[in-house]
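Trainee: with the sequence up front, the predicted model follows.
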Amino acid sequence: MSKKIVLYGGQFNPIHTAHMMVASEVFHKIKPDEFYFLPSYMAPLKDHKDFLEAPQRLNMIELAIDTLGFGKISYEELERKGQSYTYDTLLSLTHSQPDSEFYFIIGTDQYNQLDRWYNIDELKQLITFIVVNREKEVQHVEDDMISITIPRMDISSSMIRERIKSKQSIQILVPQSVEHYIREEGLYEH
């Protein structure tokens, strides 16, 4: 019997409550055997302003995992370094775990730009996309994809970084343990 593995990719700079809500909703609906946060070394379609190095982001993800009560970290993209292409990551993972069924979480923003993804047609042969929708009642997706609607939470990592720079509260926006870590390490202050 194949193992069901969900991957949740992102910069997680920092990981926040909306990331955790997505993880929780997908975990409880898909019921995977394994759930991995897949921090990118450098995402090709993202801005890299205020980018933290991997160890600090990993520490915050670990704290969030402790709060969630499930999940692990995949180091696949961090160890490869350079631009992180999902196709390359999944090629490696499917090779090392050929009997596993892989699912990859994306938001509607990424769904709407899938045509820009590297080797997207080949990637679709390796995984099932889970499209998390926060915009509409129903998100129509391609037949070979799964759509999950979650409550809208207007939280972004860039907003959190800006709030920290301007000395505003980030309480509730990130888990308490992540907030303490950010404050203790002086992250995003400049």
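Mentor: Done, it's in. From a predicted model like this one, the values you see are computed outputs, not experimental measurements. Residues are numbered from 1 along each chain as shown.
Trainee: what's the end-to-end length of stretch 115-133?
Mentor: This stretch, stretch 115-133, spans 18 Å end to end (CA to CA, to the nearest Å).
Trainee: got phi/psi on Gly186?
Mentor: Per-residue torsions, Gly186: phi 70, psi 30 (degrees, to the nearest 10).
Trainee: what do you get for the one 3 residues further on?
Mentor: As for Glu189, its main-chain torsions (degrees, to the nearest 10) stand at phi -70, psi -20.
Trainee: try Phe35
Mentor: Phi and psi for Phe35, reported as degrees, to the nearest 10, are phi -130, psi 120.
Trainee: please apply the same query to Gln97.
Mentor: Dihedral angles (degrees, to the nearest 10) for Gln97: phi -130, psi 70.
Trainee: for this protein, what spans make up the strands?
Mentor: Along the chain, the stretches classed as strands by DSSP state E are 3-10, 34-39, 72-73, 100-107, 127-133, 146-149.
Trainee: got TSV for the ones you listed, with mean neighbour count, distance to Asp66 and mean pLDDT too?
Mentor: In short, each C-beta sits where N, CA and C put it, glycine included. Compiled in TSV, the strands of the chain are given as follows (neighbours: other CB atoms under 10 Å; distance: least, CB to CB, whole Å; pLDDT from 0 to 100):
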stretch	mean neighbour count	distance to Asp66	mean pLDDT
strand 3-10	20	16	97
strand 34-39	22	12	98
strand 72-73	14	12	98
strand 100-107	20	20	96
strand 127-133	21	22	95
strand 146-149	16	24	92
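Trainee: flag the shaky bits of this protein, pLDDT-wise.
Mentor: Flagging of the chain using pLDDT under 70 yields the residue ranges 42-50, 135-139.
Trainee: before we move on, the earlier item: got the strands of the chain as a markdown table, with distance to Lys167 columns?
Mentor: Below are those laid out as a markdown table (distance: least, CB to CB, whole Å):
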| stretch | distance to Lys167 |
| --- | --- |
| strand 3-10 | 26 |
| strand 34-39 | 27 |
| strand 72-73 | 30 |
| strand 100-107 | 29 |
| strand 127-133 | 32 |
| strand 146-149 | 35 |
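Trainee: quick one: closest of those strands to Gln83.
Mentor: The closest of the strands of the chain to Gln83 is strand 3-10. By CB to CB, the value is 13.1 Å.
Trainee: paired strands for that closest one, with orientation please.
Mentor: Paired neighbours of strand 3-10 in the sheet (DSSP bridges): strand 34-39 (parallel), strand 100-107 (parallel).
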